[in-house]
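[1] the sequence and its predicted three-dimensional model are supplied below.
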Amino acid sequence: MVVGSPREDVARDQAVRETLEDYTLRFAPRSYRRWKPGVVATTALGGIAYLADFSIGAGIGLSYGTLNALVAILVAALIIFVTGVPLAYYGARYNIDLDLITRGAGFGYYGSVLTSVIFGSFTFIFFATEGAIMAQGLHVGLGVPLWLGYLITTLVVVPLVIYGMKALSKLQVWTTPLWLLLMVGPIGYLVVVDPSSVSDWLAFAGEEGGGLNAASVMLGAGVALSLMAQIGEQIDYLRFMPPRTEANKRSWWLSTLVAGPGWVVFGAIKQATGAFLAFFIMGVAGAAATEPVQQFLGVYELFLPAWLAIPLAVVLVVLSQVKINVTNAYSGSLTWTNSFTRITKHYPGRIVFVLANLAVALILMEADMFAFLNSVLSFYANCAIAWVCTVAADIMINKFVLKLSPKEPEFRRGMLHAVNPVGVTAFLTSAIVSIAMYFGAFGEAVAPYSPIAAVVIAVVLTPVMAIATRGRFALRRTDDGIPEPRFDVDGTPVATIYTCDYCSQEFERPDVLASAEPGKIICSLCVTTDKTGALVLPAS
């Protein structure tokens, strides 16, 4: 019999207890998923309240002109939506986050650590971006020094993000109506009272001048495509969707599509609006026209006295940034905890990585990352595209067309190979080649097309690698040692309760498997933290 040391047993019990609130590293059980589809969707969409879209759209519009900006935003939105559909479906249908999806979609148990780093980086880059915007609002409205504003924006989310989905769902649902009123109201007013501003904006040629230009479109799309990893944060909420049934299937699908890939529709509208607002105020605000607080302040001052316009602009900025940064901190803590636990076989507690993620974001803010935001996002976009497109291609092509990868997702240690060359090769090739292209390795003429190259390479190479390996690396085992299937005939995760023989907690069927010790059941977390590997089933 394999027995852990007293210290290991205590650590394992602590890990199990802490993950039962947010289900870090594991399947979200039906017993916990008591929210209706609409509530889950509202919570997920609350996370896209961020104002970075306005800055991104402003930067693209001022640089390349309105026509190029709008086409760039549309191209990026179409790519993000198409690749986001299969990921959102798997998250909502099988109740697992994007890292767990990635493991069984071409990367393997340890191979997906690569993409966890990409996603974790996304969360602190965007936390820093949104925190900087909030600090700008505090500076404009209350005179708070930027360095202190950065610190305030970091610390304010800590108590909100500690408690996981229950607290976040309440925050997002309660604050959304006020956020919509403050954002949509003034923009609608501007369009009604000054309709000529829209036609003037549409004719704006940008700093570089000229008409529609493919290179400008691709450069703009590259910046917008950096947001592709946002689907990971959407899935962190979508995994709590209730089972799809005949009674709720319409609302289930609507909620999954709107709150999953549908986030980019709202994002694209915000980017276009940011380009419009920056054009509207650029004569007054100058370089600050890309700052959302200045954009909304400029509109508010059209119909409100300064003593009211400034506080409302600050409230909008603060509310928006809190709504998104609790999501950034929450998702970041999940992905870093996930990676660390798999590599070290030790669960340090999610709060450790909440604080670590916030510390990195604070450093980026103090270093004034906002000043070179578009450059950072353009480079980062290639990594995010390579990851998401590889996973989407594995699901859509390898699983459903070629049938070289199992349709039912797998994420448990022992059931997967350590590394699956299919996804890892496609991802690394796509990322490396597109980044090299971005930095001019293949000539300046093709450099703007690096995002499209990342998409094409990932989508093509993923099925090519699956065919070349004949799907041999998709699963290490096909039998997890428990007679009952994990999914019923409709593909819904089975809710039968099993007791883990190592932590004595109860788990639903998809979250357990047989231990290497005969006759024993082990949960996914206990097998993850097994330092010796003695409890892991042998390959078959």
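    Looks like it came in fine.
[2] and for Asp479, the neighbour number?
    The local packing count at Asp479 equals 12, with neighbours defined by other Cβ atoms under 10 Å. Yep, even glycine has a C-beta here, placed from its N, CA and C like the rest.
[3] hang on, it in a helix?
    No - counting by DSSP: H, G, I helix; E, B strand; the rest coil, one finds Asp479 to be coil, located in no helix.
[4] these two touch, right, it and Ser540?
    Yes - using Cβ atoms under 8 Å as the test, Asp479 is close enough to Ser540 to be in contact (6.6 Å).
[5] okay, now the unreliable bits of the chain?
    1-25, 47, 160-175, 284-287, 369-375 (pLDDT under 70).
[6] how about the strands in it?
    When assigned using DSSP state E, the strands of the chain occupy the ranges 497-499, 506-508, 512-514, 521-523.
[7] show me the one of the ones you listed that comes nearest Gln234.
    Shortest distance between Gln234 and these, using Cβ to Cβ, is found for strand 506-508: 23.2 Å.
[8] what are the pairing partners of that closest one, and which direction each?
    Sheet pairing for strand 506-508, assigned by DSSP bridges, gives strand 497-499 (antiparallel).
[9] next, the buried residues of the strand it pairs with.
    Applying a neighbour-count criterion of 16 or more other Cβ atoms under 10 Å, the buried positions in strand 497-499 are Tyr498.
[10] ok, Asn95 - contacts?
    Taking Cβ atoms under 8 Å, 6 or more residues apart in numbering, we find Asn95 in contact with Phe27, Ala28, Pro29, Arg30, Arg33, Arg239, Phe240, Met241, Pro493, Pro510.
[11] pull up the gap between it and Leu312, please.
    40 Å (Cβ to Cβ, to the nearest Å).
[12] then Arg103?
    Taken as Cβ to Cβ, the span from Arg103 to Leu312 is 45 Å.
[13] now swap in Ala69 and tell me
    27 Å.
[14] which of those two has more residues huddled nearby?
    In terms of neighbours (other Cβ under 10 Å), Ala69 is the more surrounded of Ala69 and Leu312; the figures are 33 against 17.
[15] these two touch, right, that one and Ile56?
    No - under the criterion of Cβ under 8 Å, Ala69 lies out of contact with Ile56, with a separation of 9.8 Å.
[16] shared neighbours of the two, which are they?
    For the pair Ala69 and Ile56, residues contacting each of them under the criterion Cβ under 8 Å, 6+ apart are Gln271.
[17] and the helix of greatest length in the chain, what does it pack onto?
    Across the chain, the longest stretch assigned as helix under DSSP state H is helix 306-344. Helices and strands in packing contact with helix 306-344 are listed as helix 6-22, helix 98-102, helix 113-142, helix 158-161, helix 165-193, helix 230-238, helix 292-303, helix 350-366; criterion 3 or more Cβ pairs under 8 Å, 6 or more residues apart in numbering; DSSP states H and E.
[18] which one of the strands of the chain lies nearest to Leu319?
    Among those, if distance is taken as Cβ to Cβ, the winner is strand 506-508, at 36.6 Å.
[19] who touches the closest one?
    With Cβ under 8 Å, 6+ apart as the contact definition, strand 506-508 has outside contacts at 27, 29-31, 493-500, 523-524.
[20] how much space separates Ile235 from Val317?
    Applying Cβ to Cβ, one obtains 27 Å for the distance of Ile235 from Val317.
[21] and the contacts of strand 506-508 as a markdown table, adding distance to Ala386?
    As requested, the contacts of strand 506-508 are arranged in a markdown table below (distance: Cβ to Cβ, whole Å):
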| residue | distance to Ala386 |
| --- | --- |
| Phe27 | 27 |
| Pro29 | 32 |
| Arg30 | 34 |
| Ser31 | 37 |
| Pro493 | 29 |
| Val494 | 34 |
| Ala495 | 36 |
| Thr496 | 38 |
| Ile497 | 40 |
| Tyr498 | 37 |
| Thr499 | 41 |
| Cys500 | 36 |
| Cys523 | 32 |
| Ser524 | 27 |
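[22] top of those residues by number of neighbours, please.
    So for the contacts of strand 506-508 (other Cβ under 10 Å), the most neighbours sit at Cys523, 27 neighbours.
[23] hmm, it is touching Gln505, no?
    Yes - under the criterion of Cβ under 8 Å, Cys523 makes contact with Gln505 at 6.8 Å.
[24] so who does Leu67 touch?
    Taking Cβ under 8 Å, 6+ apart as the definition, contacts of Leu67 comprise Leu202, Gly211, Leu212.
[25] roughly how far does the second one sit from Leu277?
    When Cβ to Cβ is applied, the distance between Gly211 and Leu277 equals 23 Å.
[26] neighbour count: these two, which is higher?
    A count of neighbours by other Cβ under 10 Å puts Leu277 above the other of Gly211 and Leu277, at 28 against 9.
[27] touching, that one and Phe54? I think so.
    Yes - the criterion here is Cβ under 8 Å, and Leu277 meets it with Phe54 at 6.7 Å.
[28] so what sits against both of those two?
    Counting by Cβ under 8 Å, 6+ apart, the common neighbours of Leu277 and Phe54 are Gln295.
[29] in TSV: the contacts of Asn95, plus distance to Tyr89.
    Rendered in TSV, the data for those read as follows (distance: Cβ to Cβ, whole Å):
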residue	distance to Tyr89
Phe27	16
Ala28	15
Pro29	19
Arg30	18
Arg33	16
Arg239	12
Phe240	15
Met241	10
Pro493	14
Pro510	16
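[30] what sits against the residue lying closest to Phe204 once chain neighbours are set aside?
    Ranked by Cβ to Cβ, 6 or more residues apart in numbering and with sequence neighbours excluded, the top spatial neighbour of Phe204 is Thr66, at 4.6 Å. Contact partners of Thr66, counting by Cβ under 8 Å, 6+ apart, are Trp201, Leu202, Ala203, Phe204, Ala205, Gly206, Ala275, Phe279.
[31] what's the PyMOL line that selects buried ones from those?
    Buried subset of the contacts of Thr66, written as a PyMOL selection, criterion 16+ other Cβ under 10 Å:
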select buried, resi 201+204+206+275+279
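[32] what is the nearest of the contacts of Thr66 to Gly533?
    Once Cβ to Cβ is applied, the member of the contacts of Thr66 that ends up nearest Gly533 is Ala275, at 53.6 Å.
[33] my guess is the closest one contacts Ile60. True?
    Yes - counting by Cβ under 8 Å, a contact exists between Ala275 and Ile60, whose distance comes to 6.4 Å.
[34] joint contacts of the two?
    With Cβ under 8 Å, 6+ apart applied, the overlap between the contact sets of Ala275 and Ile60 consists of Ala69.
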